[in-house]
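In: what's the 3D shape of this:
(chains A and B)
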Amino acid sequence: MNRPAAVIEVASVAKRFGPVTAVDDVSAAIREGEFFALLGPSGCGKTTLLRLIAGFEQPDAGSILLDGRDITRVRPNRRPVNMMFQSYALFPHLTVRRNVAYGLEMEAVREPELSRRVNETLDLVQLADLAERRPHQLSGGQRQRVALARALVKRPRVLLLDEPLAALDRKLREQMQFELKRLQHEIGITFLVVTHDQEEAMAMADRIALLDRGRIAQLDTPRGLYERPATRFVAGFIGMMNFLDGRVSRIGNGTAAIEVPGCGPLSGTSASALAMGQAAVLAVRPERVRLSLSPLPGALPGKVAGVAYLGQDLLLQVGLADRPQPLIVRLGSADAIAAQVQPGIQVWSHWSEPDAGILGD
Amino acid sequence: MRRITGERRLLAAHLGLVYLFLYGPIAVLVALSFNKSGLPTAWTGFSVEWYGKLLGNEAIHAAVANTLIVAVASTLISTAIGTLLALGLERLRSSALLDALVYVPMIIPDIVLAIALLSFFTALKLTLGLHSIIVSHAVFNIAFVCVVVRTRLKHFDTSIIEASIDLGANEIRTFFRITLPVIFPGVLSGALLAFTLSVDEFIIAYFTAGAGPASTTFPMQIYSMIRFGVTPEINAVATIVLGVSFFLVLLSQRLNREAA
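Out: Now for the predicted structure:
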């Protein structure tokens, strides 16, 4: 394994606020030059973890290492990491140029290097024309770039970004996802971004740590999270997923089957440790479900309950006998069956075994 | 259309009456300060004689100097402490009791505060003088400054403090380079208010001044002069004070507008 060195290592870190455990025994290593995302629903501890790394919070247990050096007790103003705040936190009384220069002034960087670096960074984020403006004279997108420039000018070992795109409108947000990714490639600084938006994390990050109630539910590449979710939480959080509940009836080598009431035994791949008879769930993506208009052995009979036309795709709800939750099926609009499905017709749903996963509850 | 103009006239008349009620007596005072005879009964011609007399009145000079010393000193003390108090209170979890304790000096009757301070100073066996007036004025002014600064802090994004620390500044540099400049308009209008309150405060100064002209403030001096009747000199003094206060009010309003 030729693994790049870790810039930041979080080792068994825990943080409690009164009775609430915000971060619960989290360990992770963030590699040099990667775009790493902390993803999770609100209250999962992702922002607390970011603030622990920035130094605004002190962990109750565990340690934080930067380039192998323990910085757990180092004050935030002495850590070579910089943060881009969700509210941007621009200094309202200073011009764009003075905002960006502030961090260098604190390092006692002198002219002409000071101006050179400020100008360089303003060019990088395309703000050179607005250097003499005050923050209140800028648009949301421009403020975001000032915040970015102000943190980048310090050349941090890691740039921490707290919900960097949350305050932007949808169109600008999609554009900025690519822009952030491009910047990160260009300057080669490690980015650690916190977001609650799974699409944003998937689009930008090299690796994602998905957090659930203060713990890392899964740390993987976007593809790994989507295609090989380790738990029901991960499977449900990332993308759309169908779940069929049952009890484990067979355990094989990397596969398993569960007995689903009304559907019989259903099999799929399995990576987690399962015990016979335990409650488990079969997870299958809507786009992996195939439909047939005539009975097939092993296919689940059902009735189309609803059809939504999404342009490229059709989203179907297929009601299965004895099950309150319909199966969600995504069909390409060009699919041969797509022209024939309409509410009320009988269909048989099936999928290939590797496309389904058996997850412990 | 006609009905609307009628209503507007009525409203204008009402406004005129209100202003007349507020400023009528003041206008009379200003006019009398320029009355040659000095008597409120008859107008005998324009004169600045009383302003000239004022220039020669040593007692008033001394009193004005005392008042300025007290006002400046108590303003400086209360602005520093009041601002820090406001910053500290905003940082704490909000507590109605704590807020009430801070604001009480603003609303308890001056006479009660005056008696309390006098007894306190006596208990400490403190010699009374200008210094005791300064401390006493600081007591209520801290509360006023605190209130004014806190309204400014309501719109203060505390993440800029973290941003400054994140960018390498320590707490002290952050205070002087970020926090103070951002809240400065609030601090300045708090200071102006404190200064104004101190300049015309009478009861507390009267109780805590001790005896003698060395610690007689301007309102106390006017009070002692008025015991022999309202002289035209007092009208002249009042007119000057009026002018200065007007200027200060305009200044503080302008500061607040620019800040908004």
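
In: Apart from its neighbours in sequence, what residue is nearest the closest residue to chain B within the stretch 151-300 of chain A?
Out: Closest contact between the stretch 151-300 of chain A and chain B, by CB to the nearest CB, is at A:K154 (6.7 Å). Heads up, the C-betas are built off the backbone N, CA and C, glycines and all. Setting aside the residues directly before and after it, A:K154 is nearest to A:G103 in space (CB to CB, 6 or more residues apart in numbering or on different chains), at 4.5 Å.

In: Unless I'm misreading it, the one you found sits right up against A:N82, doesn't it?
Out: Yes. A:G103 is within contact range of A:N82, at 7.1 Å (criterion: CB atoms under 8 Å).

In: re earlier: count of neighbours near the residue nearest to A:K154?
Out: Look at A:G103: counted by other CB atoms under 10 Å in any protein chain shown, it has 26 neighbours.

In: Starting from the helix or strand hosting it, tell me the next helix or strand along the chain.
Out: If you go by DSSP states H and E, A:G103 is part of helix A:96-106. Going down the chain from helix A:96-106, the next helix or strand is helix A:113-124, by DSSP H and E.

In: In that next one, which of the residues would be classed as buried?
Out: A:L114, A:R117, A:V118, A:T121, A:L122, A:L124 (16 or more other CB atoms under 10 Å in any protein chain shown).

In: could those residues be laid out in CSV, adding pLDDT and distance to chain B?
Out: CSV is the format used below for the buried residues of helix A:113-124 (pLDDT from 0 to 100; distance: CB to the nearest CB, whole Å):
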residue, pLDDT, distance to chain B
A:L114, 94, 14
A:R117, 94, 14
A:V118, 95, 13
A:T121, 93, 13
A:L122, 93, 16
A:L124, 89, 17
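
In: Closest to A:F56 out of those residues?
Out: In terms of CB to CB, no member of the buried residues of helix A:113-124 lies closer to A:F56 than A:T121, at 23.6 Å.

In: Next up, the contacts around the closest residue to the closest one other than its chain neighbours.
Out: Residue nearest to A:T121 in three dimensions, not counting chain neighbours: A:V153, with 4.3 Å by CB to CB, 6+ apart. Residues near A:V153 by CB atoms under 8 Å, 6 or more residues apart in numbering or on different chains: A:V100, A:A101, A:G103, A:L104, A:R117, A:V118, A:T121.

In: Neighbouring strands - and their directions - for the helix or strand encompassing A:A29?
Out: Using DSSP H and E, the element containing A:A29 is strand A:20-31. The pairing partners recorded for strand A:20-31 under DSSP bridges are strand A:6-17 (antiparallel).

In: which parts of the strand it pairs with are buried?
Out: A:A6, A:V7, A:I8, A:E9, A:V10, A:A11, A:V13, A:A14, A:K15.

In: Rebuild these as CSV, extending it with pLDDT.
Out: Shown next, in CSV, are the buried residues of strand A:6-17 (pLDDT from 0 to 100):
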residue, pLDDT
A:A6, 89
A:V7, 91
A:I8, 93
A:E9, 93
A:V10, 93
A:A11, 92
A:V13, 93
A:A14, 93
A:K15, 93
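
In: which among the residues you listed gets closest to chain B?
Out: Distances from chain B to those, taken by CB to the nearest CB, are shortest for A:I8, at 15.6 Å.

In: Any idea what the closest one is bridged to?
Out: Counting by DSSP bridges, A:I8 forms beta bridges with A:I30, A:L66.

In: I'd assumed A:I64 was in contact with it.
Out: Yes. With contact defined as CB under 8 Å, A:I8 reaches A:I64; the gap is 7.0 Å.

In: residues shared between the contacts of those two?
Out: By CB under 8 Å, 6+ apart, the residues touching both A:I8 and A:I64 are A:I53.

In: host element of B:G210?
Out: With DSSP H and E as the test, B:G210 turns up in no helix or strand.

In: got a pLDDT number for it?
Out: Looking at B:G210, its pLDDT stands at 80.

In: And it, its phi and psi?
Out: Backbone torsions for B:G210, taken as degrees, to the nearest 10, come to phi 80, psi -180.

In: Quick one: residues contacting it.
Out: With CB under 8 Å, 6+ apart, B:G210 has these contacts: B:T127, B:L128, B:G129, B:S132.

In: separation between the spatially closest residue to the first one that is not a sequence neighbour and B:S132?
Out: Which is B:T127. Spatial nearest neighbour of B:T127, chain neighbours left out: B:G210 (7.0 Å); criterion: CB to CB, 6+ apart. Computed as CB to CB, to the nearest Å, the B:G210 to B:S132 distance reads 7 Å.

In: now swap in A:V20 and tell me
Out: 51 Å.

In: who's more crowded, the two?
Out: Taking neighbours as other CB under 10 Å, A:V20 and B:S132 compare with B:S132 leading, 24 against 11.

In: pretty sure the residue of the stretch 151-300 of chain A closest to chain B contacts B:D166?
Out: No. Counting by CB under 8 Å, A:K154 stays clear of B:D166, with 9.1 Å between them.

In: shared neighbours, the two?
Out: A:N82.

In: so how far is the lowest-mean-pLDDT helix or strand in chain B off the chain centroid?
Out: The helix or strand of chain B with the poorest confidence is helix B:232-259; it has a mean of 78 (mean pLDDT, DSSP states H and E). In terms of CA atoms, centre = their mean, to the nearest Å, the centre of helix B:232-259 is set 10 Å apart from its chain centre.

In: Any buried residues in it, and which?
Out: B:P232, B:E233, B:I234, B:N235, B:A236, B:V237, B:A238, B:T239, B:V241, B:S252, B:L255, B:N256.

In: could you dump those residues to TSV with distance to A:S270?
Out: Formatted as TSV, these follow (distance: CB to CB, whole Å):
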residue	distance to A:S270
B:P232	103
B:E233	101
B:I234	98
B:N235	98
B:A236	98
B:V237	95
B:A238	93
B:T239	94
B:V241	88
B:S252	73
B:L255	70
B:N256	68
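
In: Run through the residues of the stretch 51-200 of chain B sitting next to chain A.
Out: Contact residues, the stretch 51-200 of chain B versus chain A (CB under 8 Å from any CB of the partner chain): B:157, B:159-160, B:162-170, B:173, B:177-178, B:181-182.

In: Just the buried ones from the residues you listed?
Out: B:157, B:159-160, B:162-169, B:177-178, B:182.

In: okay, those in JSON lines with secondary structure and pLDDT next?
Out: Shown next, in JSON lines, are those (DSSP: H, G, I helix; E, B strand; the rest coil; pLDDT from 0 to 100):
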{"residue": "B:D157", "secondary structure": "coil", "pLDDT": "88"}
{"residue": "B:S159", "secondary structure": "helix", "pLDDT": "92"}
{"residue": "B:I160", "secondary structure": "helix", "pLDDT": "94"}
{"residue": "B:E162", "secondary structure": "helix", "pLDDT": "94"}
{"residue": "B:A163", "secondary structure": "helix", "pLDDT": "95"}
{"residue": "B:S164", "secondary structure": "helix", "pLDDT": "96"}
{"residue": "B:I165", "secondary structure": "helix", "pLDDT": "95"}
{"residue": "B:D166", "secondary structure": "helix", "pLDDT": "94"}
{"residue": "B:L167", "secondary structure": "coil", "pLDDT": "95"}
{"residue": "B:G168", "secondary structure": "coil", "pLDDT": "92"}
{"residue": "B:A169", "secondary structure": "coil", "pLDDT": "93"}
{"residue": "B:R177", "secondary structure": "helix", "pLDDT": "95"}
{"residue": "B:I178", "secondary structure": "helix", "pLDDT": "94"}
{"residue": "B:V182", "secondary structure": "helix", "pLDDT": "92"}
